[in-house]
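> Starting from these lines, generate the structure:
(one chain, ligands or ions: 1)
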Amino acid sequence: VTDEAFDAFYPDAVRAASAAFWTPVDVALEAAAMLVTRPGARVLDVGSGAGKFCVVGALATGASFVGVEKQRALAEVARDHAARLGASARFVVGRPDAVDWSAFDAIYLFDPFRVLPAADGPGVEIARERPLADILLTERLLSGARPGTRVVTYCGFGGDVPDAYEPVPAARSVSPHLRLWVKR
Ligand SMILES: C[S@@+](CC[C@H](N)C(=O)[O-])C[C@H]1O[C@@H](n2cnc3c(N)ncnc32)[C@H](O)[C@@H]1O
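Numbering: from 1, shown residues only. Model (predicted):
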């Protein structure tokens with residue numbers, strides 16, 4: 001499935017923001033494969049936006065995906081999208097600690113706290129200042145996650161993956177910006 005075909009289901013403003021803000025399909029497929037190692041795995045997307053990563057990941061792997069997103073309107077778009085495509089993905093409105101991280105086997109972070117140098121994408125409101133509190137909160141939640149938790153970052157998250165995580169070198173990847181860690 002091309003990004004164009006997948007994004008066609010979105011409202012105009014959300015589709016227009018896709019190239020800059022939502023994980024491309026090929027990257028989502030690889031990230032989901034890195035995160036899901038058994039049937040029934042539970043994956044959390046921190047800053048799930050319009051749900052593109054969760055929906056692609058759920059359809060491709062059969063695992064269950066949850067997104068946490070601070071913008072209610074985007075979480076609603078994501079819910080509609082998942083329902084239309086029959087994906088096992090649900091979306092919670094809130095900051096990263098709005099869900100219990102101990103319920104997840106794997107975490108995905110696509111630069112959720114980024115600062116934009118120019119105008120925001122249409123339909124997408126992004127903070128002008130990198131919210132340090134959310135970055136520190138995310139580092140703390142990563143530190144508290146269960147041993148064995150898998151973490152994939154795509155373009156980082158503005159903070160550091162804690163030392164308790166072992167980086168896993170990628171042999172070959174669709175993107176140089178994808179990184180995998182596993183908690184010891
Ligand atoms: C780059 S987009 C990634 C979207 C999605 N993960 C994907 O890959 O398709 C980052 C998202 O994080 C959300 N976000 C930013 N700060 C957040 C916060 N403090 N708590 C929850 N979501 C946040 C933004 O609203 C945006 O939708």
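
> contacts and neighbour counts: CA atoms only from here.
Will do.

> which SS class is the spatially most central residue of the chain?
By C-alpha atoms, centre = their mean, the mean C-alpha position of the chain lies nearest to D45, the distance being 3.5 Å. Here D45 is strand, with the state taken from DSSP: H, G, I helix; E, B strand; the rest coil.

> For the protein, which segments count as strands?
Counting by DSSP state E, the chain has strands at residues 42-46, 64-69, 89-93, 106-109, 150-154, 165-168, 178-183.

> Pull up the pairing partners for the first one, direction included.
This points to strand 42-46. Strand pairing for strand 42-46, using DSSP bridges, gives strand 64-69 (parallel), strand 106-109 (parallel).

> Over to the fifth one?
Strand 150-154 has the following strand partners under DSSP bridges: strand 106-109 (parallel), strand 178-183 (antiparallel).

> deepest of those strands, which one?
Burial of the strands paired with strand 150-154 is given as mean neighbour count (mean count of other C-alpha atoms under 10 Å); strand 106-109 ranks first at a mean of 24.

> What's the mean pLDDT across it?
Across strand 106-109, pLDDT averages out at 98.

> That one near the ligand anywhere?
No - Strand 106-109 does not reach the ligand (C-alpha under 6 Å from any ligand atom); its nearest approach is 6.5 Å.

> Can you tell me what sits against that strand?
With contacts defined as C-alpha atoms under 8 Å, 6 or more residues apart in numbering, strand 106-109 is touched by 31, 35-36, 41-47, 149-154, 156-157.

> swap the cut-off to 7 Å and go again
Contact partners of strand 106-109, identified using C-alpha atoms under 7 Å, 6 or more residues apart in numbering, comprise 35, 42-46, 149-154, 156-157.

> from the residues you listed, which are also near the ligand?
Answer for these near the ligand (C-alpha under 6 Å from any ligand atom): D45.

> Filter the contacts of strand 106-109 down to the buried ones.
For those, a neighbour count by 16 or more other C-alpha atoms under 10 Å gives the buried set as 35, 42-46, 149-154, 156-157.
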